[in-house]
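[1] Based on what follows, work out the 3D shape:
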Amino acid sequence: MPVLNEADYLREAVASVLSQEYEGDKEIVLALGPSVDATDEVAAELAAEDPRVKLVHNPMGRTPIGLNLAIKASSYPIIVRVDAHSELEPTYTARGIETLFRVDAHDVGGLMDARGKNSLQRAVAAAYHSPWGMGGAAYHNGGPEGPAESAYLGIFRREIFDEVGYYDETLWRAQDWELCLRIRQAGRKVWFDPELSTGYYPRDDFKSLAAQSYASGIWRGEIARRYPDGKSLRHDLPPLMVAGTTIGLIAWILQPSISHRLPRSINVVLNLVKAAPVVYAALVVFAAARSKRASTFEKLLLLRVLPTIHFPWAIGFVKGRVRGAQGALDKGRVRS
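    Residues are numbered from 1 along each chain as shown. Sure, this is the predicted structure:
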């Protein structure tokens, strides 16, 4: 578990690992980044309370570096990646390991079950589960069991790291997708099992959510820039939406004062472009109204949550695609 500024979530996350209904031996290795809250104190208490909790220090604070340090410090032949913002279902480990060998896979992942402890966080969780929020990936919305392009978090046979290498430490985000690419290129299997569920608590304020979305977009753009397989149509849609909505809003503002000076054909085009922000607004309202996980108040919050995810992600994706990630940070998590 890579850990950075997670004092409010760490104890529950570790407890969900240690209480797994799994008959074999287990341990949890925490890779501690340079937190500015009480995370290190909480981690030290956990290690003192239970010898199965091991600590390694990750001075750079980067997720792939922390993951590699933790894997190398671990003892067992199965590696289960977990997140400090997550809580595992009690049977997660047993089910994941059973699936790993049942289907002869080297990496297995399941559902990210986004949850919330307050209204805004529950609204963000509803956006994660919506195909209009996070793009409809199987680990957000479910789907049939089978081979997958990537796996959420991941349950691995340890030997796969000896075969294909560890996490790419130059990828501060999206390193899981790149590792899965190498696993698949080696002829090994990445598998999605919808019976695996991990509770995940997303960001619970708009500023942090926007920062996370922006950083995610940048690094997804970096992946698309580096790897032909790292780009799909669903990655292009948000930038097209931002461009269309922005141009449409400009047309709404400027056309009334300049339309008499423009050729009729240009005015026709501008009238068509003006439909883009209307269509986007209608889709946001539709997505919020259709959410089955949100209360009435949380559906109202979704009207702001969805653009807070879409626009920063799209702008970040274009930047990452054109200029590369250039060491972009998720400033919603790194507070110092």
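[2] Give me the buried positions along the helix ranked longest in the chain.
    Using DSSP state H to define each element, the chain has its longest helix at helix 296-323. For helix 296-323, the neighbour count (16 or more other Cβ atoms under 10 Å) marks 298-299, 301-302, 305-321 as buried. No exception for glycine: its C-beta is placed from N, CA and C like everyone else's.
[3] That one packs against which elements?
    For helix 296-323, the elements it packs on are helix 119-129, helix 131-134, helix 206-226, helix 233-258, helix 275-290, judged by 3 or more Cβ pairs under 8 Å, 6 or more residues apart in numbering; DSSP states H and E.
[4] so where's the stretch 201-336 of the chain uncertain?
    Within the stretch 201-336 of the chain, the segments meeting pLDDT under 70 span 230-233, 327-336.
[5] hang on, the earlier thing: quick check: which of the helices and strands packed on helix 296-323 is buried the most?
    Comparing these by mean neighbour count (mean count of other Cβ atoms under 10 Å), helix 119-129 comes out on top with a mean of 24.
[6] For the residue lying closest to residue 157 once chain neighbours are set aside, give me phi and psi.
    Distance criterion Cβ to Cβ, 6 or more residues apart in numbering; nearest residue to residue 157, sequence neighbours excluded, is residue 106 at 5.0 Å. Per-residue torsions, residue 106: phi -110, psi -10 (degrees, to the nearest 10).
[7] Which residues are in contact with residue 106?
    By Cβ atoms under 8 Å, 6 or more residues apart in numbering, residue 106 lies in contact with 100, 156, 157, 160, 183, 188, 189, 190.
[8] Now do the one helix or strand the fifth one maps to against helix 206-226, angle only.
    It stands for residue 183. Following DSSP states H and E, the helix or strand that holds residue 183 is helix 175-185. Helix 175-185 runs at 30 degrees relative to helix 206-226, counting by axes from the mean of the first three to the mean of the last three Cα atoms, to 10 degrees.
[9] what's in contact with helix 175-185?
    Contacts of helix 175-185 from elsewhere in the structure, counted by Cβ under 8 Å, 6+ apart, are 63-64, 67, 81, 106-107, 148-154, 160, 164-169, 171, 189-190, 223, 227, 229-230.
[10] In helices, which of the residues you listed fall?
    Per DSSP H, helices hold the following members of the contacts of helix 175-185: 63, 64, 67, 160, 164, 223.
[11] from the middle of its chain, how far away would stretch 273-286 be?
    Distance of stretch 273-286 from the chain centroid (Cα atoms, centre = their mean, to the nearest Å) equals 26 Å.
[12] which residues are in contact with that stretch?
    Stretch 273-286 has contacts (Cβ under 8 Å, 6+ apart) with 132, 241, 244-245, 247-249, 251-252, 255, 302-303, 306-307.
[13] Columns distance to residue 56 on top of those, output as TSV?
    TSV is the format used below for the contacts of stretch 273-286 (distance: Cβ to Cβ, whole Å):
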residue	distance to residue 56
132	39
241	42
244	47
245	45
247	49
248	51
249	49
251	55
252	55
255	60
302	39
303	43
306	38
307	39
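[14] Greatest separation within those: which pair is it?
    Within the contacts of stretch 273-286, 255 and 302 form the most distant pair, 30.4 Å apart (Cβ to Cβ).
[15] Next up, the contacts around the nearest residue to residue 153 once chain neighbours are set aside.
    In this structure, residue 153 finds its nearest non-sequential neighbour in residue 81, 4.5 Å apart by Cβ to Cβ, 6+ apart. If a contact means Cβ under 8 Å, 6+ apart, then residue 81 has 1, 67, 153, 154, 155, 156, 176 as its contacts.
[16] Now intersect those with the strands, please.
    Using DSSP state E, 155, 156 are the members of the contacts of residue 81 that sit in strands.
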